[in-house]
Each structure stands twice: as structure tokens, then as C-alpha cells.
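In: what follows is a predicted protein model with its sequence.
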Amino acid sequence: MSTAQAGARRPLTILQKSTKKRVTVRLKNEVEYKGKIDSVDQYMNLIMTDAEESRGERTLANYGRVIVRGNNVLFIRLEREL
Amino acid sequence: MSTAQAGARRPLTILQKSTKKRVTVRLKNEVEYKGKIDSVDQYMNLIMTDAEESRGERTLANYGRVIVRGNNVLFIRLEREL
Amino acid sequence: MSTAQAGARRPLTILQKSTKKRVTVRLKNEVEYKGKIDSVDQYMNLIMTDAEESRGERTLANYGRVIVRGNNVLFIRLEREL
Amino acid sequence: MSTAQAGARRPLTILQKSTKKRVTVRLKNEVEYKGKIDSVDQYMNLIMTDAEESRGERTLANYGRVIVRGNNVLFIRLEREL
Amino acid sequence: MSTAQAGARRPLTILQKSTKKRVTVRLKNEVEYKGKIDSVDQYMNLIMTDAEESRGERTLANYGRVIVRGNNVLFIRLEREL
Amino acid sequence: MSTAQAGARRPLTILQKSTKKRVTVRLKNEVEYKGKIDSVDQYMNLIMTDAEESRGERTLANYGRVIVRGNNVLFIRLEREL
Amino acid sequence: MSTAQAGARRPLTILQKSTKKRVTVRLKNEVEYKGKIDSVDQYMNLIMTDAEESRGERTLANYGRVIVRGNNVLFIRLEREL
């Protein structure tokens, strides 16, 4: 059990280290947000800044600052240089 | 783990600091509420005042005071000057 | 964290203060209940009295007393004079 | 917080007091059960006796005793004389 | 609160007393399982034996022993002589 | 309450005793996995080995080793000789 | 209960041992990610590296590093030599 607990928060820890970096967040409704992560909590609630909202190839809107509720997140693409 | 816990509530904390400011709340059913946040809790349950309800370009209704249940929230757009 | 906890139940507290007042409860299935809140708990389970059930412009039924399960709630419109 | 907790279980408490009375339970799938509540727990799991199952105007079946899982409940209509 | 807690598990307790009796379990996907309950837990996870699977009037399959995950359950019809 | 707790984990306990036996796991999306259970936890997360994936009469794929997330499980058919 | 708890985290423990190995993760929306698991937590949140995203036979994209939210996972195929 200690192994399970030792690594228990690793994906979230890595996500928290990626604040100020550019990521792409895709939600379950297929909409994507490209921008910088400003903060994140254990539910994957995210604050993103300078976020571009798009669906497929189409840009929908730009947001200065947006809070995305974590339970809508499908995946978050991190930049390789992280 | 301490890093994870230290920042654990940050998006909600920032949201709570944005009371009395104008925000746009989009729900999972694509309806949006533009108005002021009066209060918020840890489930993202929100009280909004002077809220305009819209879908796409179309205004649907105006509400003096409305409680939005947090689990319906997709994202909350904050004003940049926050 | 103390800020988060201090305001943690505010929307529900305000809701509990609005018992005996008229509200409109909209559920996720787009049906609305207009009536008085008789009691409410922390899951937003509600007892409403003299409730009119409607969808869009159409009245569907009238209920003397109805318990609405909180997880179906989309939003609750409060009267401004609350 | 004490106010919130004081009234926290009221809708369920009232529901528990309505055992042996006739109610109408509507589920999220639009099916209704009219019958007597025999017992209920904090998840709104219900045992109903002499329950008539219907959808719209159409009676579907009659059940001597049925356990309805609470998370399917949309609302429960209580008789006014409760 | 004591009233709420006193009756809190009653529907599940009654269900647990109905092991070895024949019941009909309807799932949210409208499929039914008619058979004997062998055991049940607090999530309504069920083990059924000699279970006939049907949808509407049509028998789909027979299972010697099947574990049904509780969160799929819509209702469980008990025999009146319980 | 003791009765409820005494039998509380029985379906999962029986499932854990069926490791190394052949079972059929049907998911909510109607896909089935026939194979051996290698391990299982309290959420019904399963590791299956030599699993055949099928939908209706059609075999879709074969997996040497697959972890199925428990919340997708509809039911698990056990062999009668268990 | 001790039996249930003893094996309670086994599927996740095995998953955590498979970091740095190639796996295929299928999500509920039928999209698959083939790549290496970099880390995993108890919710099945995953960090994958060099991940190829595909649906059916069609490759959709390649990701250097992606965090998949665990509640979207349908299953994870492990390599047999694990």
C-alpha cells in the first residue's frame, strides 16, 4: 500500500509544477483551451490565462482568465520541455 | 504531497476573491450567466446577482438573484483586471 | 484555506434563509418548479409547497408538497427582495 | 455553519415521517411509482408497497413491494395532509 | 438526526433479509434479472443465482451466478410474502 | 446496523475468491470481456488475463492483460462451479 | 474484511509497476492512447509520454506528454511481458 500512496499524487504534482507553462486542455465536450496554467487543485480545477478556446480547427473565443471545473477535463497536453 | 496540499484550493480561493466582480459562468448545457458573484462555496455552488442568461447570441432571461449548483459548471470566465 | 472554509457554505446558508419565500427551481431536465421552499439540506434536497410544475410556457401540474432531490437542480432563482 | 447543520437533514426527516402514507415518486427516466412508503434511508433509497408503475397516462405494472434506488429519484410528491 | 440515523439503512437491511428469495432487478438500461439474491452489500452490489436476463417480453440469457454492480440498479421488486 | 455491516462486502469478497477462474465481464457500453480475473479491488477495478473482447456475437480483440476500470462494469458472470 | 482490504489496491499497484512500459489506454469516448505510462495515481489519473492518439484505425495526433484524467478511462491494456 505504501507504494500506491507514495506515487498517489504524482500526476497532479507534475501538473502543479507546470504552472506558467503553456498547455492544451481538452474537455469532454471536445472543446480545447490552449493557454498557461495559473493554478490547479486536487480536483484538476484549473485557472488558465490567455486561453484560446477552439473546437477542431475553429477558434471560438479568447479568455484573459478562466476557471475550468476539473470534472470536465478529458486530458491535458503538456509541452515536452516540461 | 505538501506541494499538492499547499496549492490545493487555489482556484477556489481566487474565485472567492472575485465576489462582487462580473464574471461569465458557462454551464454544461451551454447556457451562460453573466453577472456578479455574490458568494461561492467549495463545490462551486454560486450565488449570482443581476445575472443575464443567454445561449449563443440569444438572451433568455434576467435574474435578480440566482443560485447555480456547482456540479453543472463548465467554466467561469474572470475579468482580466481581477 | 481559512478564507475558503469561512465562506464554504454561504450559498446554502442563503438558501436556507429563503425558506417560506417564493423561488423558481429549474432542474437539469428543463422542468421548473415555482413555489415556496419549506426546507433544504446540504445536498440541495428541497421541500417545496404549493409548487407549479412547468416546462417552457406550459404548466404541467400543481403539487401541494414535493421533495426535489438536490442532484437534479440546475439553478434556483431567488426573489430580489430576499 | 450551525444553521446549515441544524436543518441539514430536514427534507429527509420529513420524508421519513411520511412512511405509511401514499406518495408519488418520479424517477429521472420519467416513470412514476404511486404507493406507500414503507421505509427510506439517507440516500433516498425507498421501499414502497402496493406501488403502481406508470409513464404519462399509462399504467405499466403493479408491485407488491419494490426497492427504488435513491439516486434515480427526481422528486417525491407528498400528500398535503401530511 | 437520531430519527434519520435510526432508519438510515432500513431499505438495505430489508434487502439483505431477502437473500435466498426470488426477486426481479431492473437496471437503468431497462434489462431485468429474475433470480435469487445470494448476497448484497451497502452499494446494492448483488450476487444473483439462477438469473434470467430479459428485456421487455424477450428472454436474453440465463446465468448460473452473476454479480450486478449496484450503481446500475433502478429498482428491485421483492415478493410480497417476504 | 450490524447485520448490514456483517454482509457489507460479501459480493466483493466472493469476487475476490474467483481470481484465476474464467468470468465474463459486461461493461455499460455493451462490450464483454471473457477471461480470467487476476486481481480485483473494492471499486471492482479488475485485472483480466487472456481476455477476449466481444460485442454481441462478434469478437473484437484479444488481450493478454487488461485493467478494466470498475465504474464501467455492468455485471460479472461467474462460473457456476465457483 | 481483511481479505477485501489485503487485495484492495492490487490492480492499481500492478498499474504503478508498469510505468515506463508501453500500454494502450482506451477512454469512454472510444479514443485510444498508445504510449508509456510515466506515473499514475489512485484515481487512475495517468501521465503518458510519446502517446499516439487514435480512434479505430485512424491516428489522430501525437503527444509528447499528456495527463489523462482517470475517470474517463475504460480500460488499460498491458503488455503481456509485464
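Out: Nice, I can see it. Residues are numbered from 1 along each chain as shown, chains lettered A, B, ... in the order given.
In: so, in contact with chain B or not, stretch A:59-67?
Out: Yes. Applying CB under 8 Å from any CB of the partner chain, one finds stretch A:59-67 in contact with chain B at A:Tyr63, A:Gly64, A:Arg65, A:Val66, A:Ile67. Using the backbone N, CA and C atoms, a C-beta is placed for each residue, glycine as well.
In: quick check on these: which are buried?
Out: Neighbour counting with 16 or more other CB atoms under 10 Å in any protein chain shown marks A:Tyr63, A:Arg65, A:Val66, A:Ile67 as buried within those.
In: export the residues you listed to JSON lines and append columns for pLDDT and secondary structure.
Out: Rendered in JSON lines, the data for those read as follows (pLDDT from 0 to 100; DSSP: H, G, I helix; E, B strand; the rest coil):
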{"residue": "A:Tyr63", "pLDDT": "92", "secondary structure": "strand"}
{"residue": "A:Arg65", "pLDDT": "93", "secondary structure": "strand"}
{"residue": "A:Val66", "pLDDT": "95", "secondary structure": "strand"}
{"residue": "A:Ile67", "pLDDT": "96", "secondary structure": "strand"}
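In: distance of the closest residue to A:Arg55 other than its chain neighbours from B:Glu79?
Out: Distances taken as CB to CB, 6 or more residues apart in numbering or on different chains place A:Val31 nearest to A:Arg55, at 5.2 Å, with adjacent residues excluded. For A:Val31, the distance to B:Glu79 equals 21 Å [CB to CB, to the nearest Å].
In: more neighbours: which of the two?
Out: Neighbour tally, A:Val31 and B:Glu79, criterion other CB atoms under 10 Å in any protein chain shown: the higher count belongs to A:Val31, 20 against 12.
In: so what's A:Ile67 bridging to?
Out: Here A:Ile67 sits in beta bridges with A:Ile47, B:Ile76, as judged by DSSP bridges.
In: the residue nearest to A:Arg55: what's it in contact with?
Out: Residues in contact with A:Val31 (CB atoms under 8 Å, 6 or more residues apart in numbering or on different chains) are A:Glu53, A:Ser54, A:Arg55, A:Leu60.
In: cool, A:Thr59 as well?
Out: Contacts of A:Thr59 by CB under 8 Å, 6+ apart are A:Glu52, A:Glu53.
In: name the SS class of it, please.
Out: strand (DSSP: H, G, I helix; E, B strand; the rest coil).
In: quick check, pLDDT for A:Gly7.
Out: A:Gly7 carries a pLDDT value of 45.
In: next one: A:Lys36
Out: The model's pLDDT for A:Lys36 equals 95.
In: widest-spaced pair of the residues of stretch A:59-67 next to chain B?
Out: Within the residues of stretch A:59-67 next to chain B, A:Gly64 and A:Ile67 form the most distant pair, 11.9 Å apart (CB to CB).
In: what touches both of those two?
Out: B:Arg77, B:Leu78.
In: show me where chain A has strands.
Out: Here chain A has its strands, by DSSP state E, at A:22-27, A:31-40, A:46-55, A:58-68, A:73-78.
In: just the ones you listed: most buried one?
Out: strand A:73-78 (a mean of 23; mean count of other CB atoms under 10 Å in any protein chain shown).
In: output it as PDB, restricted to C-alpha atoms.
Out: Output of strand A:73-78 as PDB, limited to C-alpha atoms (Å, rounded to 0.1, in the frame of the first residue of the first chain):
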ATOM      1  CA  VAL A  73     -11.400  17.600 -18.100                       C
ATOM      2  CA  LEU A  74     -10.600  14.800 -20.600                       C
ATOM      3  CA  PHE A  75      -6.800  15.300 -20.800                       C
ATOM      4  CA  ILE A  76      -4.100  18.000 -20.500                       C
ATOM      5  CA  ARG A  77      -1.300  18.100 -23.000                       C
ATOM      6  CA  LEU A  78       2.000  19.300 -21.500                       C
END
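In: OK, contacts around the residue in chain A positioned nearest to chain D?
Out: Residue nearest to chain D within chain A: A:Asn71 (16.8 Å; CB to the nearest CB). By CB under 8 Å, 6+ apart, the contact set of A:Asn71 is A:Tyr43, A:Met44, B:Asn71, G:Asn71.
In: and it, how far is that from A:Asp41?
Out: For A:Asn71 relative to A:Asp41 (CB to CB), the value is 12 Å.
In: intersection of neighbour lists for these two?
Out: The overlap between the contact sets of A:Asn71 and A:Asp41 (CB under 8 Å, 6+ apart) is empty.
In: list phi and psi for A:Asn29.
Out: Torsion angles at A:Asn29 (phi, psi; degrees, to the nearest 10) stand at phi -80, psi 10.
In: OK, contacts around it?
Out: By CB under 8 Å, 6+ apart, the neighbours of A:Asn29 are A:Asn72, B:Lys28, B:Leu74.
In: now do the longest helix along chain A: distance to the chain's middle.
Out: Using DSSP state H, we find that the single longest helix of chain A is helix A:10-17. Centroid separation for helix A:10-17 versus its chain: 11 Å, with CA atoms, centre = their mean, to the nearest Å.
In: what about it and chain G, touching?
Out: Yes. With CB under 8 Å from any CB as the criterion, chain G is reached by helix A:10-17 at A:Arg10, A:Pro11, A:Leu12, A:Ile14, A:Leu15.
In: so is that helix next to chain B?
Out: Yes. Contact of helix A:10-17 with chain B (CB under 8 Å from any CB) involves A:Leu12, A:Thr13, A:Gln16, A:Lys17.
In: just to revisit the earlier point, how near is the residue of chain A closest to chain D to chain C?
Out: Note on A:Asn71: its distance to chain C, by CB to the nearest CB, to the nearest Å, is 14 Å.
In: in chain A, what residue is nearest chain B?
Out: Counting by CB to the nearest CB, chain A gets nearest chain B through A:Gly64, at 3.4 Å.
In: that residue contacts B:Leu78, correct?
Out: Yes. If you go by CB atoms under 8 Å, A:Gly64 and B:Leu78 touch, sitting 7.4 Å apart.
In: state the distance from A:Val68 to G:Pro11.
Out: From A:Val68 over to G:Pro11 (counting by CB to CB), the distance is 29 Å.
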